[in-house]
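Colleague: quick one, fold the following:
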Amino acid sequence: MPRKLHIKTFGCQMNEYDSARMADALAASHGFEATDNPAEADVLLLNTCSIREKAQEKVFSQLGLWRELKTARPDLIIGVGGCVASQEGAAIIRRAPYVNLVFGPQTLHRLPQMLDSVLATRRPAVDVSFPEIEKFDRLPDPRVDGARAFVSIMEGCSKYCSFCVVPYTRGEEFSRPFDDVIAEVVHLAEHGVREVILLGQNVNAYRGAMHTGEFADLALLIRYLAEIDGIGRLRFTTSHPQVFNERLIAAYAEVPKLANHLHLPVQSGSDRILALMKRGHTALEYKSKIRRLREVRPDISVTTDIIVGFPGETETDFAATMNLMEDMNFDTSFSFLYSARPGTPAAEFVDDTPREIKEARLSRLQSRNTEMAAAISRRMVGTTQRILVEGPARKSPRQMCGRTENNRVVNFDVQGSTNAGRSRPPASRDTCTSLYIAGAGCESVAECADKSLIGRFADVEVTEALTNSLRGRLLVETQARRA
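Modeller: The predicted structure is shown next:
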């Protein structure tokens with residue numbers, strides 16, 4: 001009987017990608033099969049994130065739950081990976097001695113060897129080094145699960161924002177070779193992937209070595225990927241305003257397959273706070289880039305990240321952030337209260353603003369942004385949206401679910417479709433998990449009106465705007481348009 005693997009993931013899209021690659025590596029080396037039930041797993045892996053407050057406590061709380069499984073089954077292997085593992089290293093085992101494996105984001109490819117060592121010696125294995133590109137050289141080809149796929153093109157960050165722990169947990173920026181990225185996307189396209197999301201902590205700083213001896217930036221990579229047969233849509237996240245340049249703006253002007261959506265974190269609208277954050281740009285410079293982008297894509301959807309309550313933030317600083325949000329008409333802002341991350345410069349800053357004031361500011365910002373996002377959704381009613389069909393709708397298997405270019409989920413009726421029985425790519429197990437809209441998406445594939453649409457692009461007229469999704473109707477004359 002195949003051994004079972006359960007992975008619990010905290011954090012960003014990069015961590016989701018890494019978890020998938022862990023599963024790929026252990027499936028290839030040891031034949032592990034994934035399970036959603038930790039109680040039946042032979043190996044439990046926790047992929048951690050250190051961005052938010054109380055990250056370590058969250059990790060050890062989860063490990064405490066798993067300890068009961070370990071007590072009942074002493075041969076159970078427990079591992080901790082990701083950014084908290086990179087930060088804490090062997091200290092995790094000192095605090096939780098029942099943990100067998102500790103590995104960083106850049107050493108997940110060594111999991112098979114680390115597991116062999118633990119099984120042979122019954123002693124814990126720790127590796128939180130930074131071997132950089134070796135990770136991608138040693139991993140097997142990614143498995144395809146649905147019509148959308150993440151592709152990591154670079155890792156780490158060299159910007160050293162004063163609040164951010166990423167440079168210390170994932171290292172400095174390094175980019176995958178250009179040809180390697182092309183080869184991975186070709187492989188994905190051949191197996192039914194139609195939309196690719198390029199990942200990196202600072203993805204628009206990509207600088208991949210080419211076989212010619214030159215280096216490709218993100219704009220050039222996008223142009224090449226758009227020419228791959230089968231790929232119908234491209235996205236990338238997460239960007240930094242400092243390196244969002246004219247070549248990328250030109251790509252938005254000239255590459256139709258580049259989605260009409262950009263996620264560009266600003267963090268604050270106050271130049272004083274931006275300087276304390278060491279962001280390397282002003283609010284005006286940020287606005288100028290977005291306005292230049294909207295010259296070539298007037299209806300582009302822009303989402304952002306905002307930190308509320310950074311040390312020293314005054315009501316005037318917060319008002320500047322609110323004004324910037326209004327000026328930019330952000331579709332969605334992923335806004336959070338500042339939390340000090342150990343080892344970062346900002347953790348030493350004086351922070352004397354009462355928490356209740358910070359929470360009130362956050363509530364005001366989120367409430368206003370919810371109104372703005374709802375207005376954008378309402379304006380989409382009556383428009384035709386090209387979506388990638390990903391599976392049955394969450395609440396009704398008689399409807400299908402897809403995602404618009406601006407990353408909204410649309411549920412639409414397909415009763416009476418004339419495409420039943422046509423060939424299609426392999427169905428997704430759960431491919432409508434939202435990148436940016438929590439709580440909306442598709443469930444596992446079930447009986448529905450027309451599963452032949454899954455993995456294909458279709459035109460849908462939006463008929464209703466709901467809180468976290470849209471409703472629409474399939475336009476019969478264009479329902480099966482391929483990428």
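Colleague: identify the residue nearest Ile197 in space, chain neighbours excluded?
Modeller: Using CB to CB, 6 or more residues apart in numbering and skipping residues adjacent in sequence, the residue nearest Ile197 is Arg235, 4.5 Å away. All C-beta atoms are positioned from the backbone trio N, CA, C, and that covers glycine.
Colleague: tell me how many other residues crowd that neighbour.
Modeller: Neighbourhood size, Arg235 [other CB atoms under 10 Å]: 24.
Colleague: in contact with it, which residues?
Modeller: Each residue near Arg235 by CB atoms under 8 Å, 6 or more residues apart in numbering is listed here: 195-198, 258-259, 261.
Colleague: check Asp36 too.
Modeller: Going by CB under 8 Å, 6+ apart, Asp36 touches His6.
Colleague: next: His187.
Modeller: The contact partners of His187, taken as CB under 8 Å, 6+ apart, are 141-142.
Colleague: repeat that for His240.
Modeller: Taking CB under 8 Å, 6+ apart, we find His240 in contact with 157, 159, 202, 204-205, 265.
Colleague: any idea which helix or strand comes after the helix or strand hosting Thr321?
Modeller: Under the assignment given by DSSP states H and E, the secondary-structure element containing Thr321 is helix 315-328. Downstream of helix 315-328, the next assigned helix or strand under DSSP H and E is strand 332-337.
Colleague: test for you: state the pLDDT assigned to Gly441.
Modeller: On pLDDT, Gly441 comes in at 42.
Colleague: one more: Arg481?
Modeller: For Arg481, the model assigns a pLDDT of 46.
Colleague: ditto for His191
Modeller: As predicted, His191 sits at a pLDDT of 94.
Colleague: mind listing what's buried in the helix or strand where Leu220 lies?
Modeller: Leu220 is part of helix 218-225, with elements assigned from DSSP H and E. Under the neighbour-count criterion of 16 or more other CB atoms under 10 Å, helix 218-225 has 218-223, 225 buried.
Colleague: what does stretch 186-201 give?
Modeller: 188-189, 191-201.
Colleague: coming back round to it: got the angle between the helix holding Thr321 and strand 332-337?
Modeller: Comparing the axes of helix 315-328 and strand 332-337 via axes from the mean of the first three to the mean of the last three CA atoms, to 10 degrees yields an angle of 170 degrees.
Colleague: packing partners of helix 315-328?
Modeller: Packing partners of helix 315-328 (3 or more CB pairs under 8 Å, 6 or more residues apart in numbering; DSSP states H and E): helix 271-277, helix 283-296, strand 301-308, helix 355-380.
Colleague: at 10 Å instead, please
Modeller: With contacts defined as 3 or more CB pairs under 10 Å, 6 or more residues apart in numbering; DSSP states H and E, helix 315-328 has these neighbours: helix 271-277, helix 283-296, strand 301-308, strand 332-337, helix 355-380.
Colleague: I'd like the ones you listed as a markdown table, with mean neighbour count, mean pLDDT and distance to Tyr252 appended.
Modeller: Shown next, in a markdown table, are those (neighbours: other CB atoms under 10 Å; pLDDT from 0 to 100; distance: least, CB to CB, whole Å):
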| stretch | mean neighbour count | mean pLDDT | distance to Tyr252 |
| --- | --- | --- | --- |
| helix 271-277 | 19 | 98 | 24 |
| helix 283-296 | 16 | 98 | 6 |
| strand 301-308 | 22 | 97 | 11 |
| strand 332-337 | 19 | 93 | 19 |
| helix 355-380 | 15 | 97 | 18 |
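Colleague: tabulate the ones you listed (CSV), appending distance to Ile182.
Modeller: What follows is the helices and strands packed on helix 315-328, written out as CSV (distance: least, CB to CB, whole Å):
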stretch, distance to Ile182
helix 271-277, 35
helix 283-296, 25
strand 301-308, 27
strand 332-337, 30
helix 355-380, 34
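Colleague: and of those, who's closest to Glu33?
Modeller: Smallest distance to Glu33 across these (CB to CB): 33.8 Å, for strand 332-337.
Colleague: so which residues make contact with the closest one?
Modeller: Identification of contacts with strand 332-337 by CB atoms under 10 Å, 6 or more residues apart in numbering yields 51-53, 238, 263, 265-267, 301-310, 321, 325, 355, 358-359, 361-363, 365-366, 368-370, 372-373, 376, 406-408, 436-438.
Colleague: what about stretch 336-343, distance to the chain center?
Modeller: 20 Å (CA atoms, centre = their mean, to the nearest Å).
Colleague: buried stuff in that stretch?
Modeller: Residues of stretch 336-343 classed as buried under the neighbour-count rule (16+ other CB under 10 Å) are 336, 338, 341.
Colleague: and of those, the nearest to Arg67?
Modeller: For the buried residues of stretch 336-343, the nearest to Arg67 is Arg341 (26.4 Å; CB to CB).
Colleague: what's the farthest-apart pair in the contacts of His240?
Modeller: Across the contacts of His240, no pair lies farther apart than Ala205 and Pro265, at 13.4 Å, counting by CB to CB.
Colleague: find residues that contact each of those two.
Modeller: Taking CB under 10 Å, 6+ apart as the criterion, Ala205 and Pro265 both touch 239-240.
Colleague: where in this structure is the helix or strand with the lowest mean pLDDT?
Modeller: Evaluated with mean pLDDT, DSSP states H and E, the helix-and-strand set of the chain has its lowest mean pLDDT in helix 134-138, which scores a mean of 72.
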